[in-house]
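Student: take a look and give me a structure for this.
(chains A and B)
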Protein chains: 2
Amino acid sequence: MTPPRLVVPDPRLDLVLDRVVDVPRELVWAAWTRPELVCKWFTPAPWKTVDCTIDLRPGGLFHTVMRSPEGKDFPNFGCYLEVVPNERLVWTDALLPGYRPAEKPFMTGIITLSPAGKGTRYVATVLHRDEADRKRHEDMGFSTGWSTALDQLVALMTQG
Amino acid sequence: MTPPRLVVPDPRLDLVLDRVVDVPRELVWAAWTRPELVCKWFTPAPWKTVDCTIDLRPGGLFHTVMRSPEGKDFPNFGCYLEVVPNERLVWTDALLPGYRPAEKPFMTGIITLSPAGKGTRYVATVLHRDEADRKRHEDMGFSTGWSTALDQLVALMTQG
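Tutor: Residues are numbered from 1 along each chain as shown, chains lettered A, B, ... in the order given. Predicted structure coming up:
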């Protein structure tokens, strides 16, 4: 008996970016899991990702520092929950590394990758705890932001 | 290279119950993961656990309802993070099933089981986000409560 699917996005609470990109999924996976690559595409320009630490295992740290065009730094601390190479990456800021409950939970991110021709179907699902947080994320520019970042990932991983 | 241990309890923030019990770890595991057994030992009498639902996989639901001696029900919703049969069980109420951030995060629980003669070394580690939550849990009777519940587990699993 197949267990029910665990994550069924709720349009009231969640945001989804679903695209097919011309990059093999192994390269998309590398872009998400190698700190030196994350720093090159993760934030839509003129924002920058100036630091990244990755301890790629359930319970491990996913840390980034985003810098605004004005030079202000915004650190993010998350904890990986699922790590299935080339297929599925789940992390949350509701927990710190080692699974300690965090002070200000906002989102859980789920990246799923599946083959699509020579490229990849890329689905980013972001779960929030309530409608207010979903709306806040939308107003921060989720849709354009995550899509532009994905364009940067594609450009990075296909450059000669 | 061995990665660093993920969870090193912090005495300011965490609570630990570390005991050796005369029950093989397969039976301790069963007591923690079969709803009909959980209902029989999980809450120190005269409190009762009147309902339990378990979807035993990372991201799955761990739900209990505790009933006070006065008949008031206290439902708990948690999400499993690690499920290693007979060895390690991790869940948190910082996330709902499917990893959605929860409204009121309080704790992450880690049960580790290892062989000790014919019995089991049982270590329950409970992580909190701050000292206030650790103290609140202590004042709720963590030490006596979890220890009495463990006595009930042992009695249940060794009865003829």
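
Student: in chain A, which spans are strands?
Tutor: A:14-21, A:48-54, A:61-67, A:73-84, A:88-92, A:108-116, A:119-127 (DSSP state E).

Student: residue ranges with poor pLDDT in chain A?
Tutor: Along chain A, the model assigns pLDDT under 70 to residues A:1-5, A:160.

Student: and the closest residue to residue A:17 other than its chain neighbours, what does it touch?
Tutor: Computed as C-beta to C-beta, 6 or more residues apart in numbering or on different chains, the closest residue to residue A:17 that is not its neighbour in sequence is residue A:124, at 4.4 Å. Heads up, the C-betas are built off the backbone N, CA and C, glycines and all. With contact set as C-beta atoms under 8 Å, 6 or more residues apart in numbering or on different chains, residue A:124 has these partners: A:16, A:17, A:18, A:109, A:110, A:111, A:146, A:150.

Student: make TSV out of those residues and add distance to residue B:132 and neighbour count.
Tutor: Output for these, formatted as TSV (distance: C-beta to C-beta, whole Å; neighbours: other C-beta atoms under 10 Å in any protein chain shown):
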residue	distance to residue B:132	neighbour count
A:16	36	15
A:17	38	17
A:18	41	11
A:109	29	20
A:110	31	24
A:111	35	19
A:146	35	18
A:150	40	20
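
Student: of those, closest to chain B?
Tutor: residue A:110 (7.4 Å; C-beta to the nearest C-beta).

Student: nearest residue to the closest one in space, ignoring adjacent ones along the chain?
Tutor: Using C-beta to C-beta, 6+ apart, the closest residue to residue A:110 is residue A:125 (4.4 Å).

Student: which bits of chain A sit near chain B?
Tutor: Within chain A, the residues that sit near chain B (C-beta under 8 Å from any C-beta of the partner chain) are A:3, A:6-8, A:13, A:55, A:57-60, A:81-82, A:90, A:92-103, A:105-108, A:110, A:127-130, A:133.

Student: drop anything exposed from the residues you listed.
Tutor: Buried members of the residues of chain A next to chain B, counted by 16 or more other C-beta atoms under 10 Å in any protein chain shown: A:6-7, A:13, A:55, A:58-60, A:81-82, A:90, A:92-102, A:105-108, A:110, A:127-129, A:133.

Student: for the residue nearest to residue A:110, list each beta-bridge partner.
Tutor: For residue A:125, the beta-bridge partners under DSSP bridges are residue A:16, residue A:110.

Student: quick check: it touching residue A:10?
Tutor: No - the criterion here is C-beta atoms under 8 Å, and residue A:125 misses it with residue A:10 at 10.3 Å.

Student: who's more crowded, these two?
Tutor: Shown here are residue A:125 and residue A:10; by other C-beta atoms under 10 Å in any protein chain shown, residue A:125 has more neighbours (19 against 13).

Student: center of chain A - which residue?
Tutor: residue A:109 (5.5 Å; C-alpha atoms, centre = their mean).

Student: and residue A:15, how far from residue B:99?
Tutor: 15 Å (C-beta to C-beta, to the nearest Å).

Student: what comes up buried for the longest helix along chain A?
Tutor: With secondary structure taken from DSSP state H, chain A has its longest helix at helix A:142-158. Residues of helix A:142-158 classed as buried: A:142, A:146, A:148, A:149, A:150, A:152, A:153, A:154, A:157 (neighbour count, 16+ other C-beta under 10 Å).

Student: any chance of those residues in TSV, plus distance to residue A:77?
Tutor: Listed next are these as TSV, based on distance: C-beta to C-beta, whole Å:
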residue	distance to residue A:77
A:142	20
A:146	19
A:148	24
A:149	19
A:150	23
A:152	23
A:153	22
A:154	27
A:157	26
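
Student: quick one: which of the residues you listed is nearest chain B?
Tutor: residue A:142 (15.6 Å).

Student: chain neighbours aside, what residue packs nearest to that closest one?
Tutor: Per C-beta to C-beta, 6+ apart, closest to residue A:142 is residue A:15, 5.0 Å.
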